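J.: Show me the folded form of this:
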Amino acid sequence: MISALAETEELTRLRDLARHSHAVITEHQDAGGAYPAAPTFSAYKGYAWLRDGSFTAEGISRYGDVASAGRFHDWVDGVLRRRRAQVDDLRAAVARGEVPTNEAMLPTRFTFDGKDGSDPWWDFQTDGYGLWLWAVVTHAARYGLELSRWQAGIEVAVDYLVAFWDRPCYDWWEEHVEHRHVSTLGAIYGGLVAIAPFVSADVLTVAARIRALVVAEGIADGHLSKWLGGSAVDGSLPSCIVPFGLVAPGEDLAGTTLATVARDLAVDGGVHRFTADVFYGGGQWILLSALLGWNLAVAGDRAGALRQLRWIADQADERGELPEQVPHHLLHPGSRDEWIARWGTVATPLLWSHGMYLILADELGITATADAADKED
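T.: Next up is the predicted model:
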C-alpha cells in the first residue's frame with residue numbers, strides 16, 4: 001500500500017496528521033499520566049475514561065512513544081490499586097448473596113487524580129476494564145516490558161471482571177443499562193484472554209463462557225447484534241473481531257458483521273454509532289471509521305482501509321484536530337441543536353479520535369517514525 005503512495009503529497013498529508021495526532025495527545029496528557037477524553041468539551045473536560053484512554057494509549061504505543069503510553073498505564077494501575085478495597089467489598093457482598101447497586105460499582109470515568117466524578121453520569125460500564133487489560137498486555141509485549149510493573153492494578157481489574165462480567169451495564173455510549181452488550185462482552189473477552197498467561201485466576205473459563213453466551217444469544221441474521229437477544233447492529237461491533245478476537249478474522253460471522261455494519265451504518269467512509277442515535281443529530285464518528293478500517297486492513301482489504309484513513313484525514317479542521325463526530329449524513333438532524341444548546345459544539349479535539357487514527361495509520365504502514373527520544377521509557 002505504501003508503494004502506491006510513495007512520497008506523494010497525500011502520503012505527506014497522512015503522515016503529518018499522524019505527527020500532529022501524537023502531538024495533540026501528548027500535549028494534553030495530564031502530568032499524572034491520564035489522557036483526558038477532550039480537553040475543552042464541557043461534559044468531558046477534566047475526566048479520563050479507561051476505554052478512550054486505552055485505545056489512545058495503543059495508538060501512542062504503535063507510534064513509538066513508549067514513555068507516554070507507559071505513564072498512562074502507570075496511572076490506571078495506581079487508580080485501580082486504590083480501588084482494591086472497593087472491589088473486595090463488592091465481591092464479598094456477592095458471596096453473601098447480595099446484589100450491589102449500580103452506584104456501588106467502579107466508575108467508567110475518573111478525575112485525573114483517580115476519584116469519582118462530582119456530577120451525575122452513566123457510570124457503570126465494565127468494558128473499559130477489559131480494554132485496559134488488553135491494552136497493557138499488548139503494549140508490554142510490543143516492547144518487551146515486564147507486566148509486574150502494573151500487576152497490582154491488573155489483579156484488581158481481573159477480580160472485578162470475573163465477578164461482574166455478565167451483569168447488565170451501560171454500553172460504550174452510556175446507554176441502555178438494562179442490556180448486556182456484545183461489544184462490552186467482546187472487550188472483556190479480549191482483556192481476559194490477553195492477561196490469562198500472567199494471572200492465577202481461571203480467566204479462560206470466563207472467556208469461554210462469554211463466547212458461548214454471545215454465540216447463543218448475540219447473533220441475529222448471521223451477524224453480531226448490539227445486545228444479547230437483539231437484532232440491531234452497532235458501530236462498535238467490529239472491535240469484537242479486531243482487536244479483541246471474540247470472533248476470529250476470516251470467520252463467516254466476522255465477514256457478515258463487517259458487511260452489515262458497512263451497509264447499515266457507513267456512508268462515504270464515515271460510520272454512525274447506531275441507527276437510533278440522536279446525540280448531536282447522529283453524525284459519523286471518526287473513531288468508528290478507524291475501527292472499521294482497522295478490521296478491513298486485517299481482513300486483507302487494504303484499499304478499503306486506506307479509504308477510511310483518507311476520509312478521517314479529510315475531517316481534520318484547520319488546526320489538524322479531529323472531532324468526536326462530524327455532521328455529515330445526520331441520522332436525526334432535528335436533535336442536533338438541543339445538544340449544542342446543552343453541551344456546546346462537538347468535542348474537538350477528541351483524543352480517542354486521534355489515537356484511532358494512529359492505530360489505522362500504523363496498520364497500513366504509513367505512520368511517520370517517532371523521534372528516538374519519544375521511544376525512550
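J.: Count residues in the vicinity of W134, would you?
T.: Burial measure for W134: 25 neighbouring residues, criterion other CB atoms under 10 Å. Heads up, the C-betas are built off the backbone N, CA and C, glycines and all.
J.: Do I have it right that it meets Y189?
T.: No. With the criterion set as CB atoms under 8 Å, W134 and Y189 do not qualify as a contacting pair; they are 9.3 Å apart.
J.: Spit out the residues that contact the two alike.
T.: The contact sets of W134 and Y189 overlap at F244 (CB atoms under 8 Å, 6 or more residues apart in numbering).
J.: Does the closest residue to L133 other than its chain neighbours lie in a helix or a strand, and which?
T.: Once flanking residues are discounted, L133 sits nearest to G191: 3.3 Å by CB to CB, 6 or more residues apart in numbering. Counting by DSSP states H and E, the element that carries G191 is helix 182-195.
J.: who's in contact with I210?
T.: Counting by CB under 8 Å, 6+ apart, I210 touches 165-166, 185, 188-189, 192, 246.
J.: Out of those, which is nearest to T40?
T.: If you rank the contacts of I210 by distance to T40 using CB to CB, I188 comes first, at 31.6 Å.
J.: Near that closest one, how many other residues are there?
T.: Neighbour count for I188, taken as other CB under 10 Å: 30.
J.: ok, it - contacts?
T.: The neighbourhood of I188, defined by CB under 8 Å, 6+ apart, consists of 126-127, 129-130, 161, 165, 210.
J.: Please name the nearest non-neighbouring residue to it.
T.: When the adjacent residues along the chain are set aside, I188 lies closest to G130, with 3.7 Å between them (CB to CB, 6+ apart).
J.: Burial check on that neighbour, number of neighbours?
T.: Using other CB under 10 Å, the number of residues around G130 comes to 32.
J.: Over to the one 10 residues further on?
T.: A140 has 21 neighbours, counted by other CB under 10 Å.
J.: Can you verify K45 is assigned to a strand?
T.: No. Assigned with DSSP: H, G, I helix; E, B strand; the rest coil, K45 falls outside any strand and is coil.
J.: I'd like the distance between the closest residue to S21 other than its chain neighbours and H139.
T.: Nearest non-adjacent residue to S21, counting by CB to CB, 6+ apart: H354, 3.8 Å away. Here H354 is placed at a distance of 17 Å from H139 (CB to CB, to the nearest Å).
J.: Between those two, point out the one with more neighbours.
T.: Counted by other CB under 10 Å, H354 and H139 do not tie: H354 has more neighbours, with 30 against 23.
J.: Do I have it right that the more buried one meets E27?
T.: No. Checked against CB under 8 Å, the pair H354 and E27 is beyond contact range at 10.6 Å.
J.: State the helix or strand in which R310 lies.
T.: Assessed by DSSP H and E, R310 sits inside helix 302-314.
J.: need the contact list for V79.
T.: Taking CB under 8 Å, 6+ apart, we find V79 in contact with 110, 114, 153.
J.: from memory the last one sits against D77, does it?
T.: Pointing back at G153 there. Yes. Taking contact to mean CB under 8 Å, the distance of 3.4 Å between G153 and D77 places them in contact.
J.: Which one of these two is surrounded by more residues?
T.: Neighbours were counted for G153 and for D77 using other CB under 10 Å; G153 has more, 25 against 21.
J.: Off-centre distance for the host helix or strand of that one?
T.: Secondary-structure assignment from DSSP H and E places G153 in helix 151-164. Centre-to-centre, helix 151-164 and its host chain are 19 Å apart (CA atoms, centre = their mean, to the nearest Å).
J.: Quick one: residues in contact with that helix.
T.: For helix 151-164, contacts defined as CB under 8 Å, 6+ apart pick out 76-81, 83-84, 87-88, 90-91, 94, 105-106, 126, 129-130, 132-133, 136, 147, 188, 191-192, 195, 198-199, 201, 203, 206.
J.: Perfect, that will be all.
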